[in-house]
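Chemist: Got a sequence here, can you model it:
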Amino acid sequence: MAFNQDQVRKARAAGLIVVLVAVIVLAVAVFSGALGTPKAGSSQQDAAGSETAQSTEAQSGAQSDSSSSSDHTVADVDAENQPVVEQLETRYEDDPSNPTALLNLANGYFDWGVAVMNHAQTDEDDDHVVDLFSRAIAHYDDYLEQYGSENGANKAVQVDRAISIFYTGDHERAIQTLEDFTAEVADFGPAWANLGMFYENDGRTDDARAAYERALEADDDNAYGVRDYAEARLEALDAE
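Modeler: Presented below is the predicted three-dimensional model:
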């Protein structure tokens, strides 16, 4: 289904929470080597694939089905995602003044990074994840520098960028990024929910609880699905 621009932005912002819910334990595994790959690969990649903008939505959706297979390898994921990202690179090179082309490219690297993270097994795979998210960050930076002040997607892009930073392993910087963002933009629920997840991952339970409370206030009508998620996390924290 094709989305208009407003729907694309909203779907992606909502999807951020889904990605973090499914992948947060994996993020710890990838960067600490403490755990194996969880079985929730299909939900993770479906969330990422559905976030890709109109021009690659069908391709990304198709990838999500195959990349969730338990016998899928990082090489398989690369074989599926690299042609898509190369196509996005070409479209951006052909029209470098098009903000949608630049944002699609950043999102393409983000989605590829999530897919590889679901299947990473070696230090080399982990380095590959960091490289992909670093490329996403670079393109998000370009987008925000050129179009951030004039485009309604700015809020979601800021959150995507922070998540990308988190997945490079720089948790402190990711937290600081969302702390700075929420200090200026206090009414964007996904930012608070993701900040809560960052805090919770780092063992800052009180800070996580406070962030989830702010997420409830910011997304009172559950427009981004944040309210349901924040309530669930608060219940889990209270039960500990």
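Chemist: can we go C-alpha only for contacts and neighbour counts from here?
Modeler: Noted.
Chemist: May I have the host helix or strand of Leu102 as PDB, with CA atoms only?
Modeler: Taking DSSP states H and E as the definition, one finds Leu102 inside helix 99-117. Only the C-alpha atoms of helix 99-117 are listed here, as PDB (Å, rounded to 0.1, in the frame of the first residue of the first chain):
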ATOM      1  CA  PRO A  99      15.000  15.500   0.400                       C
ATOM      2  CA  THR A 100      13.000  12.400   0.000                       C
ATOM      3  CA  ALA A 101      15.800  10.700  -1.900                       C
ATOM      4  CA  LEU A 102      18.200  11.500   0.900                       C
ATOM      5  CA  LEU A 103      15.900  10.400   3.600                       C
ATOM      6  CA  ASN A 104      15.100   7.100   1.800                       C
ATOM      7  CA  LEU A 105      18.800   6.500   1.600                       C
ATOM      8  CA  ALA A 106      19.300   7.000   5.300                       C
ATOM      9  CA  ASN A 107      16.400   4.800   6.100                       C
ATOM     10  CA  GLY A 108      17.700   2.100   3.700                       C
ATOM     11  CA  TYR A 109      20.900   1.900   5.700                       C
ATOM     12  CA  PHE A 110      19.000   1.900   9.000                       C
ATOM     13  CA  ASP A 111      16.800  -1.000   7.800                       C
ATOM     14  CA  TRP A 112      19.800  -2.900   6.500                       C
ATOM     15  CA  GLY A 113      21.500  -2.500   9.800                       C
ATOM     16  CA  VAL A 114      18.500  -3.900  11.700                       C
ATOM     17  CA  ALA A 115      18.400  -6.900   9.300                       C
ATOM     18  CA  VAL A 116      22.100  -7.700   9.800                       C
ATOM     19  CA  MET A 117      21.800  -7.200  13.500                       C
END
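Chemist: That helix packs against which elements?
Modeler: helix 5-32, helix 41-51, helix 74-94, helix 123-147 (3 or more CA pairs under 8 Å, 6 or more residues apart in numbering; DSSP states H and E).
Chemist: Could you pull out the buried residues of the third one?
Modeler: By neighbour count on 16 or more other CA atoms under 10 Å, the buried set for helix 74-94 is 74, 77-78, 80-81, 84-85, 88-89, 91-92.
Chemist: May I have it as CSV, with CA atoms only?
Modeler: What follows is helix 74-94 as a C-alpha-only set of coordinates in CSV (Å, rounded to 0.1, in the frame of the first residue of the first chain):
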residue,chain,number,x,y,z
VAL,A,74,24.4,-12.2,7.1
ALA,A,75,25.5,-12.9,3.5
ASP,A,76,21.9,-13.6,2.5
VAL,A,77,20.8,-10.4,4.2
ASP,A,78,23.5,-8.4,2.4
ALA,A,79,22.5,-9.9,-0.9
GLU,A,80,18.9,-8.8,-0.4
ASN,A,81,19.6,-5.3,1.0
GLN,A,82,22.6,-4.2,-0.9
PRO,A,83,20.9,-3.9,-4.3
VAL,A,84,18.1,-1.9,-2.7
VAL,A,85,20.5,0.5,-1.1
GLU,A,86,22.5,0.8,-4.2
GLN,A,87,19.3,1.8,-6.0
LEU,A,88,18.6,4.4,-3.4
GLU,A,89,22.2,5.7,-3.7
THR,A,90,21.7,6.0,-7.5
ARG,A,91,18.4,7.9,-7.1
TYR,A,92,20.0,10.3,-4.6
GLU,A,93,23.0,10.8,-6.9
ASP,A,94,20.6,11.5,-9.8
